[in-house]
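> What would the 3D arrangement of this be:
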Amino acid sequence: MLNKNVVTFIGCDADYEDAEIVLFGAPFDSTTSYRPGTRFASQTMRNESFGLETYSPYQDRDLTDYAIFDSGDLELPFGNSESALNEIEERAAIILNDGKLPFMIGGEHLVTLGSVRAVLKQYPDLHIVHFDAHTDLRDEYLGVKLSHASVIRRCWDLMGDGRIHQFGIRSGDRPEFRWAEEGHVNLHKFDFSGLKQTVESLKGKPVYLTLDLDVLDPSVFPGTGTPEFGGVTFMELLQALHTVISECQVVACDVNELCPPLDVTGSSTAAACKIVREMLLELCGTK
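I've put the predicted structure just below:
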């Protein structure tokens, strides 16, 4: 049993017992290699979400029509990545064991590993759909295995070949791309080409959806720690999320890498909040 957070994401104030989806924040950015600040994302998004309507004209759905629970932020030890991942895994496991869908807001992308560990225990045949500008496939970064630059490689350690599907990728070192080309992961460069075919192949299989918001072009989403030009548009991302959530059995998901200290105008936070709203409504529509 989890307690309701004092400040919730807009429309996410149902009782825990009634909720089908449970939000939680993972404010962690200890391995960020360029510009830190993603630890502030989840709380900032809660506060700024009240600039949105609960109603989505894209979907003709309203958050108030569904039971979504916001359990607040975890208190994570910034100096210990493994301990932080263990706490994330524990929270995701509680939610899953209670028959609910965990929706995590990071934080740097390393936090995904903790949630994936929990989901894999319940769904051993899990696949990951990964939207990102970066490969995140390094075996280590500056000698560190647990890094936001290696999070998908660590997920691969648990899952093996052919079960990770990456889209929007436009940055990484040459060995990462070569390793992917060997067939370890299904990497799609630059945009969402091939997404429909991938979704077709995943029907009937449990899917973990992880969204690094820097998949968006910096002209759309500048408030992130490692911006990479050549990204997708906001509407392209919404359509891709719709494709995955409406056609796949999404059993858990996360949204990462908003960096509020770099979001001078607040436009990136506004975009992130709207994306979370649309994802929640898409997920509710599949229940």
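> Wait, a strand at V251?
Yes. Assigned with DSSP: H, G, I helix; E, B strand; the rest coil, V251 falls within a strand.
> could you list every residue that touches it?
L96, L101, V119, Q122, Y123, L126, P206, V207, Y208 (C-beta atoms under 8 Å, 6 or more residues apart in numbering). For the C-beta atoms, the positions are set from N, CA and C on the backbone; glycine is no exception.
> Let's see that with 6 Å instead.
Y123, P206 (C-beta atoms under 6 Å, 6 or more residues apart in numbering).
> where's the residue lying closest to Y34 once chain neighbours are set aside, which helix or strand?
Nearest-residue entry for Y34: T226, 4.9 Å, with adjacent residues in sequence omitted and distances by C-beta to C-beta, 6 or more residues apart in numbering. If you go by DSSP states H and E, T226 is not part of any helix or strand.
> From I68, how far out is T226?
30 Å (C-beta to C-beta, to the nearest Å).
> In the stretch 101-250 of the chain, mark out all the strands, start to finish.
101-106, 127-131, 164-169, 186-189, 206-212, 249-256 (DSSP state E, counting those that start in this stretch).
> circling back to that earlier point, of T226 and I68, who's got more company?
I68 (25 against 20; other C-beta atoms under 10 Å).
> Identify the nearest residue to the more buried one in space, disregarding sequence-adjacent positions?
C12 (4.2 Å).
> correct me, but the one you found touches S71?
No. Using C-beta atoms under 6 Å, C12 is not in contact with S71; the gap is 9.6 Å.
> More neighbours: the two, which one.
C12 (26 against 21).
> The stretch 1-150 of the chain: helices as residue ranges?
41-48, 81-97, 111-122 (DSSP state H, counting those that start in this stretch).
> Need the residues that contact stretch 233-240.
Identification of contacts with stretch 233-240 by C-beta under 6 Å, 6+ apart yields F192, L195, V220, E278.
> one more time with 8 Å, if that's ok
58, 131, 167, 191-192, 195, 215-217, 220-221, 232, 271, 275, 278.
> so what secondary structure elements neighbour the one helix or strand E282 maps to?
Using DSSP H and E, E282 sits in helix 267-285. Counting contacts by 3 or more C-beta pairs under 8 Å, 6 or more residues apart in numbering; DSSP states H and E, helix 267-285 packs against strand 21-26, helix 41-48, strand 55-56, strand 61-62, strand 101-106, helix 234-247, strand 249-256.
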